[in-house]
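Chemist: Sequence below, structure please.
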Amino acid sequence: MADGGAATLPRIEAPGGASLKRFARRRSTIAFLMTLPLIAVIGGLVVWPAGYAIHLATLNRRMTSFIGLGNFEILLESETFRMVIFQSVFFAITAVILKAAIGFWLAHMLHHIPANGQRKWRGMLLVPWVIPPALSTLGWWWMFEPTYSSINWILNIFAIPSVPWLGEPWWARISVIIVNVWYGAPFFMIMYLAALKSVPEQLYEAAAIDGATSWQRLRYVTLPMMRNIISITVLFSLIVTFANYDIVRVLTNGGPRDLTHVFASYAFQVGILAGNIPRGAAVSLFMFPILAIIAFFVLRGVNRRNKEEA
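Modeler: You can find the predicted model right below:
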């Protein structure tokens, strides 16, 4: 009996309450144990190499003494590396914008094609993404190569002078972007097509009843419903494009005059070909803070929108 005279009743749980809690805890434990092999693989293939690369970037060329941020200071004083930074940012941002725009346009076109024809077109448009990049880049190199350029041959038919695709810095940059866009646009297309199919048709019907034009339906219905998938796709493509190596290596090998190098190809040249592994590690790590900041803001925006929709 309590001081106020009211009886304190014992807390009674439902018969299945405790067992359900135990079952939930047991399921979460089992799930964690089942993910341990994947965590070990990620640790062995991602975390440990990344940590070791950070350690290498702080050593001198002979890897015998610690020099802190010395390799990064030397790189920033190099005019060639500053050009690598410009080329990497220009290449990644331009290529991702073009891939996103072309991929969205293709997805929008495919979305309005009947199902039977859609499968055929979807399969054909995915071919560039399926072919290994190094192999397809060899084909593009043949089309750009000045002696046997099929593109210049077509231009000459229409009395247009030949273009030095791989001989002039800006044309070489454009060539690298063209190949990357050709390879990556189908990825955006298939992601955006899946997102378009998830937009409820009732929203379009309601917008049509309200007298919305096709542009207004795109702006106020389609794009808001696709914001999260657009953000995630752009972020993923930006990371992959920043880390691109094979297209630059096969098509231009960083030339002419090291003006088309990106972080990955320049890291290979400095670290492997020149034998300066610590400085090559510093080059490869230079883009990490940039991508981490971009990923933070993009993912924060996605989480905020998810909370607003919940």
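
Chemist: C-alpha only now, for contacts and for neighbours.
Modeler: OK.

Chemist: shaky segments in the chain?
Modeler: Residues of the chain that meet the criterion pLDDT under 70 lie in 1-25, 310.

Chemist: Could you break it into its assigned domains?
Modeler: Per automatic domain parsing, the structural domains of the chain span 15-57, 77-309.

Chemist: In CSV, list these along with mean neighbour count and distance to Gly70.
Modeler: Shown next, in CSV, are those (neighbours: other CA atoms under 10 Å; distance: least, CA to CA, whole Å):
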stretch, mean neighbour count, distance to Gly70
domain 15-57, 12, 9
domain 77-309, 17, 9
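
Chemist: Switch the ones you listed over to CSV; also include distance to Ile67.
Modeler: Formatted as CSV, the domains of the chain follow (distance: least, CA to CA, whole Å):
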stretch, distance to Ile67
domain 15-57, 9
domain 77-309, 10
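
Chemist: nearest to Leu69, of those domains?
Modeler: Closest of these to Leu69 is domain 15-57, at 7.7 Å (criterion: CA to CA).

Chemist: Just give me how far the closest one sits from the chain centre.
Modeler: Relative to the centre of its chain, domain 15-57 is centred 25 Å away, using CA atoms, centre = their mean, to the nearest Å.

Chemist: and what of stretch 256-265?
Modeler: 20 Å.

Chemist: cool, stretch 242-256 as well?
Modeler: Worked out by CA atoms, centre = their mean, stretch 242-256 lies 17 Å from the chain centre.

Chemist: So for Gly68, which of the domains of the chain sits nearest?
Modeler: domain 15-57 (7.9 Å).

Chemist: how close does the most centrally placed residue in the chain sit to Trp182?
Modeler: Relative to the mean C-alpha position of the chain, the nearest C-alpha, by CA atoms, centre = their mean, is the one of Ser237, at 1.9 Å. To Trp182, Ser237 is 13 Å away according to CA to CA, to the nearest Å.

Chemist: try Leu59
Modeler: Between Leu59 and Trp182 the computed distance is 39 Å (CA to CA).

Chemist: Over to Phe242?
Modeler: According to CA to CA, Phe242 stands 16 Å off from Trp182.

Chemist: what do you get for Leu110?
Modeler: Going from Leu110 to Trp182 by CA to CA gives 17 Å.

Chemist: before we move on, the earlier item: check the secondary structure at the residue nearest to the centre of the chain for me.
Modeler: Classification of Ser237 using DSSP: H, G, I helix; E, B strand; the rest coil returns helix.
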